[in-house]
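Undergrad: just need the structure, nothing else, for what follows:
(one chain, ligands or ions: 1)
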Amino acid sequence: MSRHDAAEVETVPAPSERTEVRRLPERGVYDRDEITAIVDEALICHVGIVHEGHPVVIPTNHGRVGDALYLHGSPASRLLRAMKRGEEVCVTMTIVDGLVVAKSAFHNSMNYRSVVVFGEPRVVDDPVEKERALAAITDHVLPGRWDESRPMTDAEARATLVVAVALDEASAKVRTGPPEDDEADRELGIWAGVVPLALVAAAPVPAPDLVAGAELPSSVIGYGRR
Ligand SMILES: Cc1cc2nc3c(=O)[nH]c(=O)nc-3n(C[C@H](O)[C@H](O)[C@H](O)COP(=O)(O)OP(=O)(O)OC[C@H]3O[C@@H](n4cnc5c(N)ncnc54)[C@H](O)[C@@H]3O)c2cc1C
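TA: Numbering: from 1, shown residues only. Have a look, this model is predicted:
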């Protein structure tokens with residue numbers, strides 16, 4: 001859970017009409033803690049809008065404080081302009097935990113944890129909330145980086161639009177475990193199983209203009225998503 005949690009997180013009571021997972025409904029999860037754990041671990045999200053009658057899905061960064069999902073960007077971007085108008089968005093996050101390799105191509109699958117959120121964005125004008133949101137977005141990528149960084153300038157704050165989407169109408173879907181092959185295929189001598197996958201950081205590469213003595217910060221040392 002994010003270290004920026006402001007409020008006690010409540011349990012999601014039941015899916016709404018449009019967040020109810022229909023295929024394999026046993027994989028649907030509406031528990032608020034499970035949803036926020038996926039939101040916090042997923043490095044990026046995808047935001048879907050309808051622009052001039054066409055669906056558009058844009059990948060971007062996010063951060064979370066309590067039940068507020070924060071998104072940010074240039075006020076000039078199409079996505080941020082649409083959100084500033086309060087147009088409804090659908091935000092998704094996906095973590096792939098493994099490749100599920102079955103004896104038949106039909107039963108190949110993936111182990112995953114994903115979230116779908118529907119909501120109307122709210123522009124964050126309050127300077128205190130805006131700074132907290134920007135810290136959350138920064139620390140979502142690299143925990144602790146906000147405090148390690150040079151303080152934000154007023155010009156940078158003015159150049160950044162922040163919106164909040166409430167995590168009120170959200171669902172998760174989770175698949176775990178081995179392949180589910182057909183009974184008739186059980187005796188086939190074809191390998192089947194799971195190839196676990198994880199997002200792993202390689203060795204950090206220092207910037208070419210790094211001044212002497214600038215040490216690796218704790219946000220970068222041993223970086224991982226979990
Ligand atoms: C990595 C990955 C790979 C997948 N590959 C396939 C594939 O190849 N083919 C396929 O058919 N499906 C795949 N899925 C599942 C897919 O995301 C949908 O769950 C699936 O299409 C079933 O949709 P539906 O018609 O039952 O529900 P829909 O009517 O499409 O959805 C109803 C509501 O259920 C919720 N919901 C549905 N799916 C998800 C989800 N994944 N996460 C969170 N909430 C959800 C949403 O709130 C949505 O509004 C994959 C999912 C992931 C994460």
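Undergrad: hey, which strand is longest across this structure?
TA: In terms of residue count, the longest strand belonging to the chain (DSSP state E) is strand 89-101.
Undergrad: residues contacting the closest residue to residue 108 other than its chain neighbours?
TA: Leaving aside its sequence neighbours, residue 108 sits nearest to residue 102 (CB to CB, 6 or more residues apart in numbering; 5.1 Å). No exception for glycine: its C-beta is placed from N, CA and C like everyone else's. When the contact criterion is CB atoms under 8 Å, 6 or more residues apart in numbering, the partners of residue 102 are 108-109, 179-181, 192.
Undergrad: list the buried residues in the longest strand of the chain.
TA: Going by neighbour count (16 or more other CB atoms under 10 Å), the buried part of strand 89-101 is 89-91, 93-95, 97-98, 100-101.
Undergrad: leaving out sequence neighbours, find the closest residue to residue 174.
TA: residue 113 (5.0 Å).
Undergrad: of the buried residues of strand 89-101, which is the nearest to the ligand?
TA: residue 94 (4.9 Å; CB to the nearest ligand atom).
Undergrad: which residue, other than its chain neighbours, is closest to the closest one?
TA: residue 114 (4.5 Å).
Undergrad: what residues are up against that neighbour?
TA: By CB under 8 Å, 6+ apart, the neighbours of residue 114 are 38, 92-95, 172-174.
Undergrad: mind checking the SS state of it?
TA: With DSSP: H, G, I helix; E, B strand; the rest coil as the basis, residue 114 sits in strand.
Undergrad: returning to what we had before: also near the ligand: which of the buried residues of strand 89-101, exactly?
TA: residue 94 (CB under 6 Å from any ligand atom).
Undergrad: which helix or strand contains residue 81?
TA: helix 78-84 (DSSP states H and E).
Undergrad: circling back: now, the most widely separated pair of the buried residues of strand 89-101?
TA: 89 and 101 (34.9 Å; CB to CB).
Undergrad: how close does the residue nearest to residue 108 sit to residue 93?
TA: As defined by CB to CB, to the nearest Å, residue 102 lies at a distance of 26 Å from residue 93.
Undergrad: was I right about residue 58 contacting residue 79?
TA: Yes - contact criterion CB atoms under 8 Å: residue 58 and residue 79 qualify, at 4.8 Å.
Undergrad: identify the contacts common to those two.
TA: Listed as contacting both residue 58 and residue 79 by CB under 8 Å, 6+ apart are 47, 49.
Undergrad: pick out whichever of the two has more residues nearby.
TA: residue 79 (23 against 18; other CB atoms under 10 Å).
Undergrad: tell me the residues on this protein that lie near the ligand, please.
TA: Checking the chain against the ligand by CB under 6 Å from any ligand atom, the hits are 18-23, 94, 96, 110, 112, 114-116, 171-173.
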